[in-house]
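Enquirer: Need a 3D model of the following:
(one chain, ligands or ions: 2)
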Amino acid sequence: MTRLSVNINKIATLRNSRGGNTPSVLDAAINCQKFGAQGITVHPRPDERHIRRQDVFDIRPIITTEFNIEGYPSEDFIQMVIDVKAHQVTLVPDSHDQLTSDHGWDTIKHMDFLKEVIARFKEAGIRTSIFVDPDLSAIEGAKETGTNRIELYTEPFATMYPVDPISAVAPFKEAANLAHKLGLGINAGHDLSLKNLRFFHDHVPFLDEVSIGHALIADALYMGLRSTIQDYLSCL
Ligand SMILES: CC(=O)[C@@H](O)[C@H](O)COP(=O)(O)O
Ligand SMILES: NCC(=O)COP(=O)(O)O
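Expert: Ligands and ions are numbered 1, 2, ... in the order given. Predicted structure coming up:
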């Protein structure tokens, strides 16, 4: 079964736009789980443009599913994730000023760094996932880092899907087969939506979890959060 982890970054974007606490990030996390989400994902970026450090600590006690925290493993980030006892951490090679996440790790180049960071999280009992492109050498390198899982960066799939679905999904199918063969768990995310999720899920084997935020929250503006989450779950 592929789990749906809802990324609530964009609830925080709306909240921060006016100051105050509306919409509440806490209420969003509670309701997403009530409506069927099997996890909550947040990406507290250094500039706190949406999810803030305090949100991470506020959300943790209301998690009844799984809490996945994404981000670049700075020392502050590492300590925060360990202190809050996340269920899963997803390491993303983002610089502080990126508009959004737009690439996976070069696991060969950053092998020693990733090995050391991953060992710290595993020592703390936190499942690790590292954000990778569907690049076979990057996935072989991921295995060597000791990570529990990879997260396939799916923006290239989402962009190509409307043009040529089979070509769009082919690299991800191959990547998933290799990751499974290597004993890695497989997550996926970025720009997945109601338009492409069912096809992705039907063609990419061994998928443990998808984390979806931007398109899902946008859909919820028109369809409501409950029915939107149900629609996304029906694709898995
Ligand atoms: C890692 C990834 O692909 C996304 O989860 C990312 O967290 C999106 O970040 P923004 O919501 O800041 O675009
Ligand atoms: N890891 C992907 C994620 O959490 C959400 O990405 P997006 O759906 O906001 O593009």
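
Enquirer: CA atoms for contacts and neighbours, from now on please.
Expert: OK.

Enquirer: any low-confidence regions in the protein?
Expert: For the chain, no stretch has pLDDT under 70.

Enquirer: Need the residue closest to the centroid of it.
Expert: The residue lying closest to the centre of the chain (CA atoms, centre = their mean) is S211, at 4.4 Å.

Enquirer: Show the contacting residues for that residue.
Expert: Counting by CA atoms under 8 Å, 6 or more residues apart in numbering, S211 makes contact with L4, S5, V6, N7, T41, N187, A188, G189, H190.

Enquirer: That one and ligand 2: what is the separation?
Expert: 4 Å (CA to the nearest ligand atom, to the nearest Å).

Enquirer: Which helix or strand contains that residue?
Expert: S211 is part of strand 209-212 when elements are defined by DSSP states H and E.

Enquirer: need the helices for this structure, in chain order.
Expert: Taking DSSP state H as the criterion, the chain contains helices spanning 9-16, 25-34, 53-59, 75-84, 111-123, 136-145, 155-160, 165-181, 197-203, 214-223, 225-234.

Enquirer: Which one of these lies nearest to ligand 2?
Expert: Across the helices of the chain, ligand 2 has its closest neighbour in helix 214-223 (3.7 Å, CA to the nearest ligand atom).

Enquirer: Please flag which of the contacts of S211 sit within strands.
Expert: L4, S5, V6, N7, T41, N187, A188, G189 (DSSP state E).

Enquirer: Now for the second one: which residues touch it?
Expert: Contacts were defined as CA under 8 Å, 6+ apart; by that measure S5 touches A37, Q38, G39, I40, T41, E66, N68, E209, V210, S211, I212.
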